[in-house]
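Student: here is a sequence together with a model predicted from it:
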There are 2 protein chains.
Amino acid sequence: MIKGLQSICFDEPPYVQTGAAIVGKKEGEGPLGERFDEIEEDPMFGKESWEEAESELQRRTANKAIEKSGLSKNNIRYIFAGDLLGQETATSFGVKDLNIPLFGLYGACSTMGEAMSLGAICVAGGFAGNVLAMASSHFASAEKEFRFPLEYGNQRAMSAQWTVTGAGAVIIGKTATNVRIAGITTGKIVDMGVKDSMNMGACMAPAACDTIYQHFKDFERSIDDYDMVITGDLGYVGKELLLELLKQKGMDISEKYTDCGIEMFDKETQDTHAGGSGCGCSASVLCAYYLDEIAKGNYKRILFVPTGALLSKVSFNEGRTIPSIAHAVVLEHCE
Amino acid sequence: MIKGLQSICFDEPPYVQTGAAIVGKKEGEGPLGERFDEIEEDPMFGKESWEEAESELQRRTANKAIEKSGLSKNNIRYIFAGDLLGQETATSFGVKDLNIPLFGLYGACSTMGEAMSLGAICVAGGFAGNVLAMASSHFASAEKEFRFPLEYGNQRAMSAQWTVTGAGAVIIGKTATNVRIAGITTGKIVDMGVKDSMNMGACMAPAACDTIYQHFKDFERSIDDYDMVITGDLGYVGKELLLELLKQKGMDISEKYTDCGIEMFDKETQDTHAGGSGCGCSASVLCAYYLDEIAKGNYKRILFVPTGALLSKVSFNEGRTIPSIAHAVVLEHCE
């Protein structure tokens, strides 16, 4: 059950009952547009502030996942959720009306990996029947929280990423489905001294490398045992760095690797520079696309590795580094 | 194992291996002064910013807990930790050098309850041998984050609380000791519409009431089955409200009830108005005082209920309410 130094292989793997993803207009115009459950044209989601908009996005996504599962709200034992905002206000206001016990999480953009890991532990240990794991981000609330007011109209560095307006939620439970959570590898904080919040890919790539490398070691597997390794939001810059770092450790995953931040937007037409980012990026891409593909058997086993850059505007303004973390989840097709 | 609507009663309860608490000067001058592992006279903890000071506090507290347990760092499988700052920077920078897989949590001042709950689930489920659960707060980093710069010298409302400079860490494991974690009750978000960040007790009392009431219901117990119910940081205002709210539900716990925010400071001489608050308040009082008292058998069974007010300065400045949450942990003496 406990595997190696940082991993768990579940003896009785819990199953993904269902997933739901809701995104904003720009995300809906991207290559995965058709796969999302809902595309909201209004960036305010009918609310009065960006933070409330993100809360509404969480609320709708959680309700959509519950609705799709056919379960009643009363059958969801816990919510494991988080977002990027200070004190997780998108989550607190987003889930409060659901009236379900909450474990609030903070893992920056790795949150979906953290939520699914803890949710799977809870279900696999017999401590819950069904749980909901969710993460969200919103372009405008994130720019306000971390960078510049939108009204300022600053020019974005080519290494900068575009925070996805989106949320993804999965329900994890005991009932057998076509997708199971076979194992997890929980990340440590990795800090290589990068300080540039306009280059999050460079901050997070070493953490992704650390977790992926440890995963293969803990499970005594190689890339041959996987159909795909999918990081959260390294984008184009982080992707190259990750592949390079893994090569330095003697591991080549380039043929079976992609990143949700790359999959989300069209590079040529959508002007998002280094790709998408945010908690909601990996969460919505997983729920909209990969879960379905695994369920259909188009992938037999993937390693889903959301990556988080643990910065705040205070630590950034104090000139500190950007520590990062990545949490891996093994998802398998089963008949 | 699953109890009622929101609780778990562990079939094989994990044990508190050890606890450690480090606090600031003011806390050291309070009634519990002698019980803390260390009292740091320098509010900067030798660092250059309040945030770095709080990180150093976490680092020292975690190391102290590990040292007292006699375990090596390699035997700690996971850290479950959090703090009050935006994006949890005290935790990210505080634990990064420990090189242990991290589950970052956000539950405002309920974080120690959340950390111990998830840590206990992990150990009880066989997913870890030993884990570390920790929470911290720092008076100056919290004032900067939520209220006014210290330099402004604003007058504090009498209902305001004093954020504790302190951290508490416990190691939870399988080896039998004199203190076990017998069960948990996980809170839902409760929001009664209070908007006053200078009256956190009033925000949090309804959440504490909800969790405590549900705990007794889920376990089919009454206050007679406990030696003490101890909330996190309701302070003097919140204490009265909690007792009143529980009375309205036909439950009188007044003879066996206290609050860590009340225990931390001397009401007459320390001028902290409504009492102490912050993640580190309940965490350090538990680790410095109650764990020892339970180990000695002076308490046979207590309900520890850290309470969190889920506000940010953004949500506060937008005029929104302050949702709250409380997570309960049953701690029992065993021979």
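Tutor: Noted; the coordinates are in hand.
Student: which stretch of helix or strand covers the closest residue to residue A:222 other than its chain neighbours?
Tutor: Distances taken as CB to CB, 6 or more residues apart in numbering or on different chains put residue A:216 closest to residue A:222, at 6.1 Å, once the chain neighbours are dropped. (Each C-beta comes from the backbone N, C-alpha and C, glycine too.) Element membership of residue A:216 [criterion: DSSP states H and E] is helix A:200-219.
Student: that helix: what's the following helix or strand?
Tutor: Next in sequence after helix A:200-219, counting helices and strands by DSSP H and E, comes strand A:228-231.
Student: against which helices or strands is that following strand packed?
Tutor: When contacts are defined as 3 or more CB pairs under 8 Å, 6 or more residues apart in numbering or on different chains; DSSP states H and E, strand A:228-231 packs onto helix A:235-248, strand A:257-259, helix A:260-264, helix A:279-285, strand A:301-305.
Student: partner strands of the last one, with direction?
Tutor: To tie it back to what came earlier, the one meant is strand A:301-305. Sheet neighbours of strand A:301-305, with direction, are listed as strand A:228-231 (parallel), strand A:328-333 (antiparallel) (DSSP bridges).
Student: for the second one, same thing?
Tutor: Under the criterion DSSP bridges, strand A:257-259 sits next to strand A:228-231 (parallel) in its sheet.
Student: contact partners of the partner strand?
Tutor: Residues from elsewhere that reach strand A:228-231 (CB atoms under 8 Å, 6 or more residues apart in numbering or on different chains): A:208, A:212, A:223, A:238-239, A:242, A:253, A:256-261, A:282, A:285-286, A:290, A:299, A:302-307, A:326.
Student: kindly report the same for stretch A:59-66.
Tutor: Contact partners of stretch A:59-66, identified using CB under 8 Å, 6+ apart, comprise A:18-22, A:37-38, A:45, A:72-73, A:76, A:79, A:81, A:94-95, A:97-98, A:132, A:134, A:136, A:167-171, A:287.
Student: quick one: the helices and strands packed on strand A:228-231 as TSV, columns for distance to residue B:331, mean pLDDT and mean neighbour count too.
Tutor: Formatted as TSV, the helices and strands packed on strand A:228-231 follow (distance: least, CB to CB, whole Å; pLDDT from 0 to 100; neighbours: other CB atoms under 10 Å in any protein chain shown):
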stretch	distance to residue B:331	mean pLDDT	mean neighbour count
helix A:235-248	44	98	20
strand A:257-259	44	98	22
helix A:260-264	42	98	29
helix A:279-285	34	98	37
strand A:301-305	36	98	24
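Student: how about those, which one is nearest residue A:107?
Tutor: Taking CB to CB as the criterion, residue A:107 comes closest to helix A:279-285 out of the helices and strands packed on strand A:228-231, the separation being 8.1 Å.
Student: the closest one - contacts with which helices or strands?
Tutor: strand A:15-24, helix A:111-124, strand A:130-137, strand A:166-173, strand A:228-231, helix A:260-264.
Student: next one: the shortest one to chain centre, how far?
Tutor: This means strand A:228-231. In terms of CA atoms, centre = their mean, to the nearest Å, the centre of strand A:228-231 is set 12 Å apart from its chain centre.
Student: do the same with stretch A:302-316
Tutor: For stretch A:302-316, the gap between its own C-alpha mean and the chain's C-alpha mean amounts to 10 Å (CA atoms, centre = their mean).
Student: between the two ends of that stretch, how far is it?
Tutor: One end of stretch A:302-316 to the other measures 34 Å (CA to CA, to the nearest Å).
Student: OK, contacts around the spatially closest residue to residue A:38 that is not a sequence neighbour?
Tutor: With CB to CB, 6+ apart as the criterion, residue A:38 has its nearest non-adjacent residue at 4.4 Å, and that residue is residue A:22. Under the criterion of CB under 8 Å, 6+ apart, the contact list for residue A:22 reads A:36, A:37, A:38, A:39, A:40, A:57, A:60, A:61, A:64, A:166, A:167, A:284.
Student: if any of the residues you listed are buried, give me the ChimeraX selection for them.
Tutor: A single ChimeraX command is used to select the members of these judged buried by 16 or more other CB atoms under 10 Å in any protein chain shown:
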select /A:36,37,39,40,57,60,61,64,166,167,284
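Student: the contacts of residue A:22 in strands, which ones?
Tutor: Applying DSSP state E to the contacts of residue A:22, the entries found in strands are A:38, A:39, A:40, A:166, A:167.
Student: out of those, what pair is the most spread apart?
Tutor: Farthest apart among these by CB to CB are A:39 and A:167. That separation is 12.3 Å.
Student: what sits in contact with each of the two?
Tutor: With CB under 8 Å, 6+ apart, residue A:39 and residue A:167 have common neighbours A:22, A:23.
Student: ok, back up a step: what's the closest of the ones in strands among the contacts of residue A:22 to chain B?
Tutor: The shortest approach to chain B among the ones in strands among the contacts of residue A:22 belongs to residue A:167, at 16.9 Å (CB to the nearest CB).
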